[in-house]
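Model the structure of this input:
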Amino acid sequence: MTEVTAHHGLFKDTNLHVDDTGGAGRPVVLIHGWPLSGASWSEQVPALTAAGHRVVTYDRRGFGRSDKTRSGYDYDTLADDLHSLLEQLDLRDVTLVGFSMGGGEVARYVGRYGTDRLHSVVFAGAVPPYMAKTDDNPQGPLTQEAADEMESGLKSDEDAFYDGFVTDFFSVDGELQVTEAQRREARELTKQADHKAALKTMEAFGTTDFREDLPKVTVPTLVIHGGSDAIVPFEGSGARTHAAVAGSRLHVVAGAPHGFNVSHAEEFNRVLLEFLAS
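Next up, the predicted model:
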């Protein structure tokens with residue numbers, strides 16, 4: 001365990017909690033989804049480490065064990081946080097793996113900083129290119145009504161909202177695809193999320209347009225997505241990201257929910273390791 005300090009924004013000393021396996025292997029940085037933390041990668045870290053990779057996970061500002069700042073929950077700042085991490089750990093030839101909201105950080109990082117430090121990237125059940133359904137983005141999977149309902153639920157009863165959200169996270173057609181213990185582990189992670197951070201990042205992943213960032217991704221790219229993802233539906237996100245990134249690979253995990261890195265960990269890890277080895 002370590003911490004890196006992001007030097008930007010109104011509150012410059014923002015400490016981000018980092019878990020780094022170390023070693024000389026090619027680094028893989030895992031960027032978690034909303035509203036969890038780096039601990040949500042528990043099914044991936046051992047497999048990647050066993051394959052010889054240096055594995056780095058970190059908690060997004062406002063979540064997990066990182067600082068709960070008053071500001072900085074837009075994607076530009078979150079990408080700057082990621083850049084600070086790569087610089088301070090001096091990581092090069094990196095594969096960035098962004099799950100759900102974390103895929104936005106991958107896209108915006110490339111948009112702001114390019115690919116000099118990168119070997120490849122992975123969009124896993126990720127929110128790009130643009131979640132909001134608008135007049136100029138009719139394929140966006142998130143309607144204003146659904147976004148308002150999520151915000152209202154989080155504001156009115158945080159505990160009930162998170163309990164329902166985590167259940168939906170791992171479910172297909174109302175059927176839980178993980179054990180109750182795994183669902184509870186994710187539910188515990190939501191308790192570390194700052195309320196303001198959760199609201200502001202919910203707004204960020206729902207309204208940020210990554211359509212100009214994706215064509216700048218020129219390194220090898222894997223798009224992996226659950227075929228039955230009801231939170232970030234494949235047709236409005238992964239399919240469009242695959243189309244926007246030239247030469248990207250696509251793998252759809254049949255029958256998998258949003259939290260497929262847990263529910264379908266064996267297939268997720270196999271496809272990820274095959275991509276990393278290529």
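
So His225, which state does it fall into?
strand (DSSP: H, G, I helix; E, B strand; the rest coil).

how close does it sit to Gly206?
Distance of His225 to Gly206, given as CB to CB, to the nearest Å: 18 Å. Bear in mind the C-beta positions are built from the backbone N, C-alpha and C, glycine included.

Equivalent analysis for Val121, please.
Distance from Val121 to Gly206, by CB to CB: 22 Å.

For those two, indicate the residue with more neighbours.
Using other CB atoms under 10 Å as the criterion, Val121 and Gly206 rank with Val121 on top: 27 against 20.

So that one sits against Val219, correct?
Yes: between Val121 and Val219 there is a contact under CB atoms under 8 Å: 6.0 Å.

just the helices in this structure please.
45-50, 75-88, 101-113, 144-156, 158-169, 180-190, 195-207, 238-244, 260-263, 265-277 (DSSP state H).

now the ones you listed as a markdown table including distance to Pro138 and mean pLDDT?
Putting the helices of the chain into a markdown table (distance: least, CB to CB, whole Å; pLDDT from 0 to 100) gives the following:
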| stretch | distance to Pro138 | mean pLDDT |
| --- | --- | --- |
| helix 45-50 | 38 | 98 |
| helix 75-88 | 22 | 95 |
| helix 101-113 | 20 | 98 |
| helix 144-156 | 13 | 97 |
| helix 158-169 | 24 | 98 |
| helix 180-190 | 32 | 98 |
| helix 195-207 | 16 | 98 |
| helix 238-244 | 12 | 98 |
| helix 260-263 | 26 | 98 |
| helix 265-277 | 30 | 98 |
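
would you list those helices in TSV and tack on distance to Asp59?
Shown next, in TSV, are these (distance: least, CB to CB, whole Å):
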stretch	distance to Asp59
helix 45-50	14
helix 75-88	10
helix 101-113	11
helix 144-156	19
helix 158-169	17
helix 180-190	10
helix 195-207	11
helix 238-244	25
helix 260-263	17
helix 265-277	21
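
So which of those helices is nearest Val29?
Each of those has some distance to Val29 by CB to CB; the shortest is helix 75-88, at 7.3 Å.

for the most centrally placed residue in the chain, what are its contacts?
Note on the chain: the residue nearest the mean C-alpha position is Gly102, at 2.2 Å, using CA atoms, centre = their mean. Gly102 makes contact with 30-33, 60, 124, 126, according to CB atoms under 8 Å, 6 or more residues apart in numbering.

closest to Ser278 among those residues?
Using CB to CB, these come closest to Ser278 at Ala124, 16.6 Å.

how deep is that closest one tucked in, by neighbour count?
Residues near Ala124, counting by other CB under 10 Å: 28.

residue farthest from the centroid of the chain?
Asp135 (26.1 Å).

picking that back up, quick check, nearest of the contacts of Gly102 to His195?
Checking those one by one against His195 (CB to CB), the nearest turns out to be Arg60, at 14.6 Å.

wouldn't the closest one be in contact with Ala204 here?
No: between Arg60 and Ala204 there is no contact under CB under 8 Å: 10.6 Å.

Give me the common contacts of those two.
Looking at what touches both Arg60 and Ala204 (by CB under 8 Å, 6+ apart), the common residues are 78, 101.

More neighbours: which of those two?
Arg60 (27 against 21).

phi, psi of the more buried one?
Dihedral angles phi and psi of Arg60 (degrees, to the nearest 10) take the values phi -60, psi 150.
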